[in-house]
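In: task: produce atomic coordinates for the following.
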Amino acid sequence: MLLLICFAAHLGLQKRRLLRAKQRFFEQNGGLLLQQQLGTLASSGVAFKLFSEEEMSKATEGFAEARVLGRGGHGVVYKGVLADGSAVAVKKSRVVDARQVREFAREMLILSQINHRNVVKLLGCCLDVEVPMLVYEFVPNGSLHGHIHGGGGDGETRLPRLPPAARLRVAAESADALAYMHSSASPPVLHRDVKSANILLDGELAAKVSDFGASRLAPAAGEAAVATLVQGTLGYLDPEYLLTCQLTSKSDVYSFAVVVLELLTGRKAFAPVEDEEEEEEGSLAFFFVTAVQAGRHREIMDEEVREKVGVEVLDEIAELLMQCLSMASEERPTMKEVADKLQRLRSRACRSATNNPGINQASN
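Out: Purely as a prediction, here's the structure:
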């Protein structure tokens, strides 16, 4: 009897310690601020929820390996099914720095209010854990990386390649989403890790820009850039940001240009020397700039893209991308200018293909 009493007391103590730890994590992750703002968000039509660790564990079957959608440098993304049957994507990060903890609640309030058809919707977060988890809408058709390169890496199955007109549409939609984040979100948001793996495709193969986990709020009026530790992915990183650690909206412009190059050439953003599938190792951006300077940019384009999109449109896209890839950020266009130009070029390409039913169907 005494042994049972001692065991029960021990269990009770452990439970109280666990509850205190959860409450401490909740508070240090900004849970009290978010709780206070939930009513305001709801009244403005924003459905944002604070999930418990138990809900997240149940939704992902204990974060089962079979539920993994993808892995990245910052963490793992799982497919979850909530109690109401709705599918979500749960991002479980590995680490978070002190600044991110301090700013987390504020940034969640801002990101939760972003409403754009081509941006993955943030539905909520889990704060009663040491490293907060993010809950996003589930996007069913995998990443753009998988559709370009025929497979998206860890946790992603082999995906069908996109036809040329769909590639132009995805480029235009993604540009529009980033332009919205830069120019229309309040305050503006810089993505900081634009890449093909962070652009998802929904059931209609429409683009959904995702993973704002590395994002930063844009500089306040009058400020030129945000000083920050360099984050990003090899092959997509803005050289100026890499050298100065000064993040600006033009850093996203550079990275996005590399994504468009992937769409047009079918090549990877960075090909290591041992990658035998690539003809040239190293940076795709450098490879493209060198080809343009030698007058060979048409040759490196995907053959089907070259045939169906047309060389005149491709020449204009190449000119735009050269501006985006300028070593000096002030010489690059804004994301809004890029989006407008791509939309006009896409419209021209579609008009020139009116006699080809296959192209018209792919562009819808």
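
In: give me the low-pLDDT residue ranges for this protein?
Out: Along the chain, the parts satisfying pLDDT under 70 run over 1-15, 18, 73, 95-102, 151-158, 213-229, 273-281, 353-364.

In: what segments of it are helices?
Out: Per DSSP state H, the chain carries helices over the ranges 2-28, 31-43, 53-59, 98-112, 144-149, 164-183, 239-244, 249-265, 284-293, 303-309, 311-324, 335-352, 357-363.

In: residue 65 is nearest to which of these?
Out: helix 53-59 (14.1 Å; CB to CB). All C-beta spots, glycine's among them, are computed from the backbone N, C-alpha and C.

In: what residues sit buried inside the closest one?
Out: Of the residues in helix 53-59, 55-56, 59 count as buried by neighbour count, 16 or more other CB atoms under 10 Å.

In: also stretch 26-43?
Out: 26, 29-31, 34, 37-38, 41.

In: need those in TSV (columns: distance to residue 82).
Out: Putting the buried residues of stretch 26-43 into TSV (distance: CB to CB, whole Å) gives the following:
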residue	distance to residue 82
26	20
29	21
30	22
31	19
34	19
37	22
38	17
41	18
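
In: closest one of the buried residues of helix 53-59 to residue 192?
Out: For those, the nearest to residue 192 is residue 56 (24.8 Å; CB to CB).

In: do I have it right that residue 203 meets residue 137?
Out: No. Judged on CB atoms under 8 Å, residue 203 makes no contact with residue 137 at a distance of 11.7 Å.

In: tell me which of these two has more neighbours.
Out: residue 137 (17 against 8; other CB atoms under 10 Å).

In: how close does the more buried one get to residue 31?
Out: 22 Å (CB to CB, to the nearest Å).

In: and residue 168, what does it touch?
Out: Applying CB atoms under 8 Å, 6 or more residues apart in numbering, we find residue 168 in contact with 263, 309, 342, 345-346, 349, 363.

In: want to throw the residues you listed into TSV with neighbour count and distance to residue 141?
Out: Below are the contacts of residue 168 laid out as TSV (neighbours: other CB atoms under 10 Å; distance: CB to CB, whole Å):
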residue	neighbour count	distance to residue 141
263	23	16
309	26	22
342	24	21
345	21	24
346	23	20
349	22	23
363	18	17
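
In: and which of these is nearest residue 74?
Out: residue 263 (24.3 Å).

In: name the nearest residue to the closest one, sequence neighbours excluded.
Out: residue 167 (4.4 Å; CB to CB, 6 or more residues apart in numbering).

In: residue 266 is in contact with that neighbour, correct?
Out: No. Using CB under 8 Å, residue 167 makes no contact with residue 266, being 9.4 Å away.

In: find residues that contact each of the two.
Out: residue 305.

In: comparing those two, which residue is more hemmed in?
Out: A count of neighbours by other CB under 10 Å puts residue 167 above the other of residue 167 and residue 266, at 27 against 19.

In: what's near enough to touch the more buried one?
Out: 263-264, 305.

In: again, 10 Å this time
Out: 144, 147-148, 161, 260, 262-264, 266, 302, 304-305, 308-309, 346, 362-363 (CB atoms under 10 Å, 6 or more residues apart in numbering).

In: of those residues, buried ones?
Out: Buried members of the contacts of residue 167, scored by 16+ other CB under 10 Å, are 144, 147-148, 260, 262-264, 266, 302, 305, 308-309, 346, 362-363.

In: nearest to residue 188 among those residues?
Out: Scanning those for proximity to residue 188, where the rule is CB to CB, the winner is residue 260, at 21.6 Å.

In: surely that closest one touches residue 314?
Out: No. If you go by CB atoms under 10 Å, residue 260 and residue 314 don't touch, sitting 11.1 Å apart.

In: quick one on the thing from earlier: and of the buried ones among the contacts of residue 167, the nearest to residue 292?
Out: residue 264 (12.3 Å).

In: and the gap between residue 24 and residue 104?
Out: Taken as CB to CB, the span from residue 24 to residue 104 is 15 Å.

In: ok, the two, which is more surrounded?
Out: residue 104 (21 against 12).

In: need the nearest residue in space to that one, chain neighbours excluded.
Out: Residue 104 sits nearest to residue 30 (CB to CB, 6+ apart), 5.1 Å away.

In: could I get the buried residue list for stretch 340-354?
Out: 340-343, 345-346, 348-350, 353.

In: dump these to a markdown table, plus distance to residue 66.
Out: As requested, these are exported to a markdown table (distance: CB to CB, whole Å):
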| residue | distance to residue 66 |
| --- | --- |
| 340 | 43 |
| 341 | 43 |
| 342 | 38 |
| 343 | 40 |
| 345 | 42 |
| 346 | 38 |
| 348 | 45 |
| 349 | 41 |
| 350 | 41 |
| 353 | 42 |
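
In: which one of these is nearest to residue 230?
Out: For those, the residue nearest residue 230 by CB to CB is residue 342; the value is 27.3 Å.

In: for the closest one, what are its contacts?
Out: Contacts of residue 342 by CB under 10 Å, 6+ apart are 168-169, 171-176, 179, 256, 260, 316-317, 320.

In: repeat that with 8 Å
Out: 168, 171-172, 175, 260, 317, 320.

In: other residues contacting stretch 170-184?
Out: With contact meaning CB under 8 Å, 6+ apart, stretch 170-184 is reached by 114, 116, 118-119, 144, 162, 188-191, 194, 199, 201, 205-209, 218, 249, 252, 256, 259-260, 263, 334-336, 338-339, 342-343, 346.
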